[in-house]
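Student: what follows is a predicted structure for the sequence shown.
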Amino acid sequence: MTKTKYVSESLTTMTEMIFPNDTNTLGNLMGGNLMRMMDVVGAICAQKHSNRIVVTASVDNVSFKESIPLGSVVTLQAKVTRAFSSSMEVVIDVWAENIPAQERVSTNKAFFTFVAVDQSGRPIDVPISLTETDDEKALYEGALRRRQLRLVLAGRMKPSEATELKTFLNGGE
Ligand SMILES: CCCCCCCCCCCCCCCC(=O)SCCNC(=O)CCNC(=O)[C@H](O)C(C)(C)COP(=O)(O)OP(=O)(O)OC[C@H]1O[C@@H](n2cnc3c(N)ncnc32)[C@H](O)[C@@H]1OP(=O)(O)O
């Protein structure tokens, strides 16, 4: 198996149109439907990075800055920010577009964690992620403290072990 992979190799973009079945009674995309799309595009991205079956291990805070009306074209872009041992943090950005009006707004962003598993569902190592652009490098740098925060919140890491997070909260780089 390849031991390293560039972030750009697994970049995944999905474009969907919002139909009546996708919306709530206000005529806007249901949050749960959007989260499903985010899960799918993120999982495809993680699969491309790992060439393995992946499962969703966690979803960080998803904020809904703008509602997405019926008829919008939604674009989701998923990018591996950092691969750890078997887990990959993937950032998903969402934009909604009104094509006739030529308007495009950023509506959502969230970090998902996917874990590559073997046929028995056991976690399996994935390639190291390599960054090229400044944006990729910044996302890579922040990934360790986000991982520590989510593992502490999930009860999988002692707060005392979250050293990177502690340094950040204390105003360090
Ligand atoms: C599936 C078929 C696909 C087929 C191809 C389809 C094609 C593409 C289309 C995809 C379409 C959509 C697909 C969606 C995918 C689902 O929706 S999957 C369904 C929802 N998710 C699940 O059912 C997962 C259930 N959980 C589990 O299986 C296990 O808890 C896990 C996540 C594998 C972890 O197992 P574990 O035994 O606790 O393993 P452990 O060694 O402690 O931890 C392994 C790694 O997980 C990390 N981890 C564990 N818990 C957490 C957590 N809460 N937060 C963050 N990281 C965590 C650990 O930090 C560790 O990371 P590394 O240090 O190795 O990097």
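Tutor: Happy to help now that I have it. Residues are numbered from 1 along each chain as shown.
Student: residues in contact with Gln148?
Tutor: For Gln148, the contact set (C-beta atoms under 8 Å, 6 or more residues apart in numbering) comprises Met157, Glu161, Ala162, Thr163, Glu164, Leu165. Every C-beta, even on glycine, is put in place using the N, C-alpha and C of the backbone.
Student: assumed it was part of a strand.
Tutor: No: assignment of Gln148 by DSSP: H, G, I helix; E, B strand; the rest coil gives helix, placing it outside any strand.
Student: give me the pLDDT for it.
Tutor: Looking at Gln148, its pLDDT stands at 96.
Student: and what of the one 10 residues further on?
Tutor: Lys158 carries a pLDDT value of 94.
Student: now for Ser58: which residues touch it?
Tutor: Phe112, Thr113, Arg150, Ala154.
Student: mind checking the SS state of the closest residue to Ala110 other than its chain neighbours?
Tutor: Distances taken as C-beta to C-beta, 6 or more residues apart in numbering place Val62 nearest to Ala110, at 4.2 Å, with adjacent residues excluded. Three-state call for Val62 (three-state DSSP): coil.
Student: coming back round to it: now the contacts of Ser58 as JSON lines including secondary structure?
Tutor: Converted to JSON lines, the contacts of Ser58 look like this (three-state DSSP):
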{"residue": "Phe112", "secondary structure": "strand"}
{"residue": "Thr113", "secondary structure": "strand"}
{"residue": "Arg150", "secondary structure": "helix"}
{"residue": "Ala154", "secondary structure": "coil"}
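Student: may I see the PyMOL selection of the buried members of the residues you listed?
Tutor: Those of the contacts of Ser58 that count as buried under 16 or more other C-beta atoms under 10 Å are selected in PyMOL with:
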select buried, resi 112+113+150
